[in-house]
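In: what would the 3D arrangement of this be:
(one chain, ligands or ions: 3)
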Amino acid sequence: MSLIVQKYGGTSVGNPERIKNVARRIIATQEEGHRVVAVVSAMSGVTDSLIKLARECSPAPEEREMDVLLATGEQTTIALTAMAINAMGKKAVSLTGAQAGIVTDGVHTKAKIADLTPKQLKQYLDDGYICIVAGFQGQTKDHRITTLGRGGSDLTAIAIAAAVKADLCQIFTDVDGVYTCDPRVVPTAKKLDEISFDEMLEMASSGSKVMQSRSVEFAKKFGVVFEVRSSFNQNPGTIVKEETKSMEAVVVRGVSIEKNQAKVTVCRAPDRPGTAAQVFSAIAAAGISIDMIVQNVSHEGTTDISFTLSKDELAKVEAALAPVVKSVGAVGLESRSGIAKLSVIGVGMKSHSGVAAKMFEALSKAGINIQMISTSEIKTAVIVDEAKIAEGANVVHEAFGLGK
Ligand code: ADP
Ligand code: ASP
Ligand code: MG
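Out: Ligands and ions are numbered 1, 2, ... in the order given. Predicted structure coming up:
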């Protein structure tokens, strides 16, 4: 008998009717002769409203308490899904992250899985139960509730699939699979039949939130092949797996966009060894992640150092850098939001040239100014005005012939 791990996202369990739809799909999988573990998210909107509630009660809620609060979203769904299955005459049991054996480090709100021993879960499966596991949550060794970062139910599913050596891992969501770009932004985007772990990882970490990037990293590390597909129909989805030779024939697999970015410039910093180290050490010490970095050519012994980061971290980075600007002897700090990142991704870029040229030409024809550029082996990314990002995504998508 094979073992299938399924994950149903927030929209798929967004109301009682949808929970019953998920219950029917899980039962149908069991009736095909499989053992089933289903990981579920909080009902759509619930995590966001819990965050809002917290802010209404405290200007700076402790991260420990945030985790206790946020974990309730998924806990509601596991109970409701198990009830729905039981009401349909089958045996289901709900398990929290801790009950499923997910042990994490102590980094609240973005904890990493340290160990996963699904003893109870295996016992329930052996006893013929369908197991419904709460996504997004775990517990530290000393029994503190933790969460795994936004979108973290994907990670729960992949990690459980690895731990139970599942025969199949299916991520059910509200689109038919991974598309060449977010279909809500680029209407001509096409569903991909397959994509490599590396491409999926680059897409996820550059804004394609259809999969949480950490979950893809985990899947690659433990070789968990998975399928992304819709919970609203029976269409086959996208298989995410290790790169094959034939994948390199496609130069650009997809386009990603990431909004809510901000750019910070340390203006006219002295161009001498140690300046960049001081600036970025202060940012690291404040626990802020940054993205692109650009240092301009030096004029009269000074240079501008710019970097991008999430807009939400802007106030934090300004506070962290204020003393550094003084101590390195820079002229000042400039920051601006209202920018966004546009990336093209494909493993074929390793062996083909001309991708950047084609991307820049498409943007230029549309009159879209490029503010920053960065590249990796399989990605070219630019920063543009946020107001232009949808248009930029559409023209670049078109230029690479990715559309329908
Ligand atoms: P879930 O709640 O099921 O986890 P998410 O909202 O996290 O679902 O992810 C699904 C959404 O991801 C889609 O509705 C879509 O708008 C968005 N998305 C962004 N980029 C892509 C892409 N390249 N392919 C498919 N969907 C994408
Ligand atoms: N409910 C969590 C979130 O909204 C986790 C998830 O849905 O994957 O981020
Ligand atoms: Mg998600």
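In: switch to C-alpha atoms for all contacts and neighbour counts from now on
Out: OK.
In: measure residue 131 to ligand 1 for me?
Out: Between residue 131 and ligand 1 the computed distance is 19 Å (Cα to the nearest ligand atom, to the nearest Å).
In: what does the stretch 151-300 of the chain have sitting close to ligand 1?
Out: The stretch 151-300 of the chain comes close to ligand 1 at residues 151, 173-175, 177-182, 184, 208-210, as judged by Cα under 6 Å from any ligand atom.
In: mind redoing it with 8 Å?
Out: 151, 153-154, 171-185, 191, 203-204, 207-212, 254-257 (Cα under 8 Å from any ligand atom).
In: how about low-confidence regions in the protein?
Out: Scanning the chain for pLDDT under 70 picks out no residues.
In: so which bits of the longest helix anywhere in the chain are buried?
Out: Using DSSP state H, we find that the single longest helix of the chain is helix 63-87. Using 16 or more other Cα atoms under 10 Å as the test for burial, helix 63-87 gives 64-85.
In: and ligand 2, which of the residues of the stretch 151-300 of the chain next to ligand 1 reach it?
Out: Within those, those near ligand 2 by Cα under 8 Å from any ligand atom are 151, 153-154, 212.
In: what does the longest helix of the chain rub up against?
Out: Helix 63-87 is contacted from outside by 13, 19-20, 22-24, 27, 40-43, 46-47, 50-51, 54, 91-96, 108-109, 132-137, 144-147, using Cα atoms under 8 Å, 6 or more residues apart in numbering.
In: return the set of buried residues in the strand ranked longest in the chain.
Out: Among the segments of the chain that qualify as a strand by DSSP state E, the longest is strand 254-270. Going by neighbour count (16+ other Cα under 10 Å), the buried part of strand 254-270 is 254-259, 261-270.
In: after that strand, next one along is what?
Out: Using DSSP states H and E, the helix or strand that directly follows strand 254-270 along the chain is helix 275-285.
In: spit out the contact partners of the closest residue to ligand 2 within the stretch 151-300 of the chain.
Out: Ranked by Cα to the nearest ligand atom, the top residue of the stretch 151-300 of the chain for proximity to ligand 2 is residue 151, at 3.2 Å. For residue 151, the contact set (Cα under 8 Å, 6+ apart) comprises 136, 209, 211-212.
In: for those residues, please prepare TSV with the additional fields secondary structure, neighbour count and distance to residue 370.
Out: Below are the contacts of residue 151 laid out as TSV (DSSP: H, G, I helix; E, B strand; the rest coil; neighbours: other Cα atoms under 10 Å; distance: Cα to Cα, whole Å):
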residue	secondary structure	neighbour count	distance to residue 370
136	coil	31	37
209	coil	17	23
211	coil	23	27
212	coil	22	27
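In: ok, so of those, who is nearest ligand 1?
Out: Closest to ligand 1, out of all of the contacts of residue 151 and judged by Cα to the nearest ligand atom, is residue 209, at 4.9 Å.
In: how close does the closest one get to residue 102?
Out: Here residue 209 is placed at a distance of 23 Å from residue 102 (Cα to Cα, to the nearest Å).
In: do the same with residue 119
Out: Residue 119 is 11 Å from residue 102, by Cα to Cα.
In: just confirm residue 323 is within a helix.
Out: Yes - according to DSSP: H, G, I helix; E, B strand; the rest coil, residue 323 belongs to a helix.
In: do stretch 223-234 and ligand 2 meet at all?
Out: No - residues of stretch 223-234 are not located near ligand 2 by Cα under 8 Å from any ligand atom, the shortest gap being 13.6 Å.
In: and stretch 42-49, end to end?
Out: Terminal residues of stretch 42-49 lie 11 Å apart, using Cα to Cα.
In: residues in contact with stretch 92-106?
Out: For stretch 92-106, the surrounding residues in contact (Cα under 8 Å, 6+ apart) are 75, 78-79, 82-83, 85-86, 111-121, 124, 129-141, 144-146.
In: again with stretch 243-256
Out: By Cα under 8 Å, 6+ apart, the list of residues contacting stretch 243-256 reads 179-182, 195-199, 203, 206-208, 342-349, 351-352, 393, 396-397, 400, 402.
In: from those residues, list the buried ones, please.
Out: Buried, going by 16+ other Cα under 10 Å: 179-182, 195-199, 203, 206-208, 342-349, 393, 396-397, 400, 402, out of the contacts of stretch 243-256.
In: nearest to ligand 1 within the stretch 251-400 of the chain, name that residue for me.
Out: Closest point on the stretch 251-400 of the chain to ligand 1, by Cα to the nearest ligand atom, is residue 256, at 6.6 Å.
In: chain neighbours aside, what residue packs nearest to that residue?
Out: Distance criterion Cα to Cα, 6 or more residues apart in numbering; nearest residue to residue 256, sequence neighbours excluded, is residue 343 at 5.1 Å.
In: hang on, the earlier thing: now the two most distant members of the ones next to ligand 2 among the residues of the stretch 151-300 of the chain next to ligand 1.
Out: 153 and 212 (8.3 Å; Cα to Cα).
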